[in-house]
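> need the 3D shape of this:
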Amino acid sequence: MEQQPLSGMKTDDQINSKYALDVVKGKILDFLDAFEHRKSVENEVLEFAESHAKQPLSLNAIGEGPRLRLLWASFQLIEEEVNNLSTATIQNMDDLSIIFSKFIQKSSQPVCMSWLKNELSMKNNDSSKAFLSLMSEKLKAEDNILPGIKKSGKEELYAELMHFLSFGPRSRDYCYYDYSLFVKHGISILEDLLITFADGIASMYLEFISVDSSFFDEVDNIGLALCTLSTRALQRLRNEVAMNQWLYQNIEAIVSMYEDRFDLCTLSSQQIELPGSRQANIDNWWMKHILRRRETLSSELRYVVIDSFAMPVKRTKELRALRGWRYYFSLLIELSDITMPLIRVVIDKISSGISFFLVCLIGRSLGLIYTGIRQSLRWK
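Numbers count the residues shown, from 1 in each chain. From the prediction side, this is the model:
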């Protein structure tokens with residue numbers, strides 16, 4: 001009799017590699033539906049932009065509706081690439097990384113152009129053409145998405161995710177990460193890739209419309225419609241994002257390698273609490289009906305939250321591949337792990353010595369002085 005697999009366990013043939021795509025797709029569509037529902041309910045659509053991520057994001061400067069549609073446009077392109085990926089061109093891990101790099105490089109411009117045309121509802125006039133032409137030149141000249149992915153150490157992770165989404169657990173001999181990682185955390189990794197890609201596009205858009213941009217004089221007001229921040233707040237956010245990215249790529253990313261984890265950004269939703277929806281002890285039946293209606297609406301109204309998630313995974317190979325400043329910083333981390341226990345012991349000894357000096361020596365001396373003063377006063 002053939003032995004059946006244990007309950008809760010799935011064989012390779014039973015694994016649905018497209019499950020992560022289906023879940024993330026459903027999430028984004030639900031977020032878009034919730035946003036449209038709020039537009040139909042609220043007299044004035046309130047903007048919600050909450051992020052629990054470790055790093056500030058350029059996406060926070062984009063309005064909630066345009067931000068969701070940018071995520072959706074980015075997802076559609078990733079899904080299309082996953083469906084079109086062919087095993088014929090992949091023989092080893094280098095081929096997979098090259099394919100992923102080319103995909104990122106060729107995708108930022110069409111996604112951004114499509115998103116801008118859709119959001120700004122541009123008509124076929126001279127100002128619209130000029131804005132799109134300038135933005136297209138900007139995207140061709142600078143593409144900060146792929147360099148950011150490489151510095152974060154996630155290039156191979158993303159490449160293998162797309163391989164898994166396309167082919168499942170088959171043909172994984174040359175892959176570094178075990179496919180069980182993508183079965184368990186595929187949704188979180190896909191959401192992190194999606195947020196990273198969309199955030200890179202948002203960053204280039206904000207740089208294009210910022211006050212210190214070389215194109216600022218040519219940018220018409222139509223190009224500023226998607227940003228919800230003031231000029232000062234936008235500059236503050238851009239500076240904060242740039243500083244935190246440098247610190248993360250050169251310091252925190254190396255620390256996360258030693259701690260065997262990836263810091264991921266994930267999508268979740270949070271319920272909106274309408275004012276007065278939690279009031280109680282009201283006798284008026286009409287007010288009770290209104291509050292009950294508000295509670296119902298509050299349970300239906302939600303907005304997107306970007307959360308942080310630390311995914312545990314061994315990263316020994318990446319540590320061995322470190323070069324330059326990042327390598328020396330990794331040595332500094334090892335040195336600190338060795339010396340910190342010794343430093344703590346020395347500090348504890350010094351603290352004990354200072355306490356002994358203050359309590360035993362100075363304290364006793366003050367006590368003797370006080371006793372002498374009392375005795376001298378009694379003699380007098």
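
> element containing Y176?
Counting by DSSP states H and E, no helix or strand carries Y176.

> so what does the lengthiest helix in the chain touch, helix or strand wise?
The residue-count maximum for a helix in the chain (DSSP state H) belongs to helix 324-356. Using 3 or more CB pairs under 8 Å, 6 or more residues apart in numbering; DSSP states H and E as the contact test, the elements touching helix 324-356 are helix 253-258. The C-beta positions use only the backbone N, C-alpha and C, and glycine is treated the same way.

> what about L71, how many residues nearby?
Counted with other CB atoms under 10 Å, the neighbours of L71 add up to 25.

> do you know how far it is from F103?
17 Å (CB to CB, to the nearest Å).

> hey, where'd the strands end up in the stretch 151-300 of the chain?
In the stretch 151-300 of the chain, the strands defined using DSSP state E, counting those that start in this stretch lie at 261-271.

> now for the nearest residue to I145 once chain neighbours are set aside: which residues touch it?
Among residues not flanking I145 along the chain, G200 sits closest, at 3.4 Å (CB to CB, 6 or more residues apart in numbering). G200 sits next to 58, 108, 144-145, 148 when contact means CB atoms under 8 Å, 6 or more residues apart in numbering.

> just those now: which is nearest L226?
S58 (11.6 Å; CB to CB).

> the closest one is in contact with E240, isn't it?
No. With contact defined as CB atoms under 8 Å, S58 does not reach E240; the gap is 10.1 Å.

> the two: who's more crowded?
Set side by side, S58 and E240 show more neighbours around S58, with 22 against 13, by other CB under 10 Å.

> just give the nearest non-adjacent residue to the residue nearest to the spatial centre of the chain, would you?
Geometric centre of the chain, nearest residue: C265, 3.4 Å, by CA atoms, centre = their mean. Counting by CB to CB, 6+ apart, C265 lies nearest to I195, which is 4.5 Å off, once chain neighbours are set aside.

> tally of neighbours for that neighbour?
By other CB under 10 Å, neighbour count at I195 equals 21.

> what is the burial count for I306?
21.

> now swap in the one 5 residues further on and tell me
M311 is surrounded by 18 other residues when neighbours are defined as other CB under 10 Å.

> where does it fall, phi/psi-wise?
phi -90, psi 120 (degrees, to the nearest 10).

> that one: what's it in contact with?
Going by CB under 8 Å, 6+ apart, M311 touches 185, 188-189, 261-264.

> which of these sits closest to R67?
Closest approach to R67 among those (CB to CB): L264, at 18.5 Å.

> who does that closest one bridge with?
F309 (DSSP bridges).

> wait, it touches E191, no?
Yes. In this structure, L264 is within contact of E191 by CB under 8 Å, at 7.3 Å.

> and the gap between S17 and V82?
Counting by CB to CB, the gap from S17 to V82 is 9 Å.

> K138 too?
When K138 is compared with V82 (using CB to CB), they lie 28 Å apart.

> cross the contacts of G200 against helices and list the overlap.
Going by DSSP H, the helices hold 108, 145, 148 from the contacts of G200.

> and L237, how far from L226?
Counting by CB to CB - L237 and L226 are separated by 14 Å.

> who has more neighbours, the two?
L226 (22 against 18).

> so where does the nearest residue to the more buried one once chain neighbours are set aside fall, helix or strand?
Once flanking residues are discounted, L226 sits nearest to P66: 4.7 Å by CB to CB, 6+ apart. P66 belongs to helix 64-84 when assigned by DSSP H and E.

> repeat for I306
Using DSSP H and E, I306 falls in strand 302-312.

> rounded mean pLDDT for that strand, please.
The average pLDDT within strand 302-312 is 85.

> which is the next helix or strand following that strand?
Taking DSSP H and E, what comes next after strand 302-312 is helix 316-320.

> which strands and helices sit next to that following helix?
helix 253-258.

> can you rerun that using 10 Å?
Applying 3 or more CB pairs under 10 Å, 6 or more residues apart in numbering; DSSP states H and E, we find helix 316-320 packed against helix 155-167, helix 253-258, helix 324-356.

> list the buried residues in the first one.
So the one you mean is helix 155-167. Within helix 155-167, the residues that count as buried by 16 or more other CB atoms under 10 Å are 155-167.

> for that helix, packing partners?
Checking 3+ CB pairs under 10 Å, 6+ apart, helix 155-167 ends up next to helix 19-41, helix 64-84, helix 93-120, helix 145-152, helix 179-209, helix 316-320.

> what's the separation between L237 and D307?
L237 is 19 Å from D307, by CB to CB.

> and for V359?
For V359, the distance to D307 - CB to CB - is 49 Å.

> swap in L134?
L134 is 35 Å from D307, by CB to CB.

> alright, calling it a day.
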